[in-house]
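**Student:** Take a look and give me a structure for this.
(one chain, ligands or ions: 1)
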Amino acid sequence: MENRLLAALPSEEYEQLKTKLKPVELSLGEILFEPPDQIRNLYFPTSAIISFLTELPDGDSVEVGLVGYDGMAGVDVILGVNTASKVATVQHAGCALKIATPALKEAFNRGGKLQQYLLQYTHALMSQISASVLCNAHHKIDGRLARWILMYHDRLERDEFLMTHEFMANMLGIRRAGVSEVAKKLQHEGLIDYHRGHFRILNRKALEEKACGCFSVIEKEFNSLYKQ
Ligand SMILES: [Zn+2]
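**Tutor:** The predicted structure is shown next:
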């Protein structure tokens, strides 16, 4: 698997950047940056999924966005902010290409397609974050879980993944006890197989029907990225 943003770059731009990119393996639960740290490195996932969490004053945290092979973790720096505002944590172990912040900024400031794609990606991410907030406040839990499984599935190489109860509770903004109940409901309907945090997608089409409308709104923008 490759990173879609990097793969869309014209070859001269990619060649210039390539020497600065270092392949890394990211492990589940690894924290890449968190407030109030400086963002020293940026990550273009190829198979890993990185989640952005905002911590609440009571210590709980809520997922507000995620990035896989479709983008880059750490867009704050291209907006001129080098301090992490969210916790960036690895939710699906896998590979990524790592680049030091000054090297990425230098390439970004040269303009070209990298700058254009990163700005378009940032816009899509902002839409994803605002849609997730709206969705969590207004839509039913089973539709939200279906949406989220699909967003995850779109960034994975396979139909199976592991997810802790704690993370799912964060992601859905509900108590841990409610998580199993909702996942089991989707299982009874034949959409997924679910056992001790292990998910397997059985019927993608039915999941799409179950998901609240936010899924198509969010993913439409991501699917149209890097095409001009
Ligand atoms: Zn929704």
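**Student:** Mind listing what's buried along the longest helix seen in the chain?
**Tutor:** If you go by DSSP state H, the chain has its longest helix at helix 112-138. For helix 112-138, the buried set under the neighbour-count rule, 16 or more other CB atoms under 10 Å, comprises 113-114, 117-118, 120-122, 124-125, 127-129, 131-132, 135-136. C-beta here means a position set from N, CA and C on the backbone, and glycine is covered the same way.
**Student:** so which of those also contact the ion?
**Tutor:** Cys135 (CB under 5 Å from the ion).
**Student:** Just the closest of the buried residues of helix 112-138 to the ion, please.
**Tutor:** Cys135 (3.1 Å; CB to the ion).
**Student:** pLDDT of the longest helix of the chain, averaged?
**Tutor:** For helix 112-138, mean pLDDT is 91.
**Student:** tell me what that helix is packed against?
**Tutor:** With contacts taken as 3 or more CB pairs under 8 Å, 6 or more residues apart in numbering; DSSP states H and E, helix 112-138 sits against helix 4-7, helix 11-18, strand 61-67, helix 101-109, helix 141-153, helix 214-223.
**Student:** how big is the angle separating it from strand 61-67?
**Tutor:** Interaxial angle, helix 112-138 versus strand 61-67 (axes from the mean of the first three to the mean of the last three CA atoms, to 10 degrees): 140 degrees.
**Student:** could you point out which element follows the helix or strand bottoming out on mean pLDDT in the chain?
**Tutor:** None of the helices or strands of the chain scores lower by mean pLDDT, DSSP states H and E than helix 165-172, at a mean of 79. Next helix or strand after helix 165-172 toward the C-terminus (DSSP states H and E): helix 176-188.
**Student:** Could you tell me which residues within that following helix count as buried?
**Tutor:** Neighbour-count burial for helix 176-188 flags 179, 182-183, 185-187 (criterion: 16+ other CB under 10 Å).
**Student:** and what of stretch 59-68?
**Tutor:** 61-68.
**Student:** Reformat these as JSON lines; add distance to Phe44 and pLDDT.
**Tutor:** JSON lines is the format used below for the buried residues of stretch 59-68 (distance: CB to CB, whole Å; pLDDT from 0 to 100):
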{"residue": "Ser61", "distance to Phe44": "24", "pLDDT": "79"}
{"residue": "Val62", "distance to Phe44": "25", "pLDDT": "80"}
{"residue": "Glu63", "distance to Phe44": "20", "pLDDT": "83"}
{"residue": "Val64", "distance to Phe44": "20", "pLDDT": "83"}
{"residue": "Gly65", "distance to Phe44": "16", "pLDDT": "87"}
{"residue": "Leu66", "distance to Phe44": "14", "pLDDT": "91"}
{"residue": "Val67", "distance to Phe44": "9", "pLDDT": "95"}
{"residue": "Gly68", "distance to Phe44": "10", "pLDDT": "96"}
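**Student:** OK, contacts around Thr54?
**Tutor:** 61-62, 64, 86-87 (CB atoms under 8 Å, 6 or more residues apart in numbering).
**Student:** out of those, which one sits closest to the ion?
**Tutor:** Nearest to the ion, judged by CB to the ion, of the contacts of Thr54 is Val64 at 14.1 Å.
**Student:** re the thing from before, contacts for the least confident helix or strand of the chain, please.
**Tutor:** So helix 165-172 is contacted by 51, 53, 60-63, 91, 136, 141, 144-145, 148, 175-176, 178-180, 182-183, 197 (CB under 8 Å, 6+ apart).
**Student:** Please consider this matter closed, and thank you.
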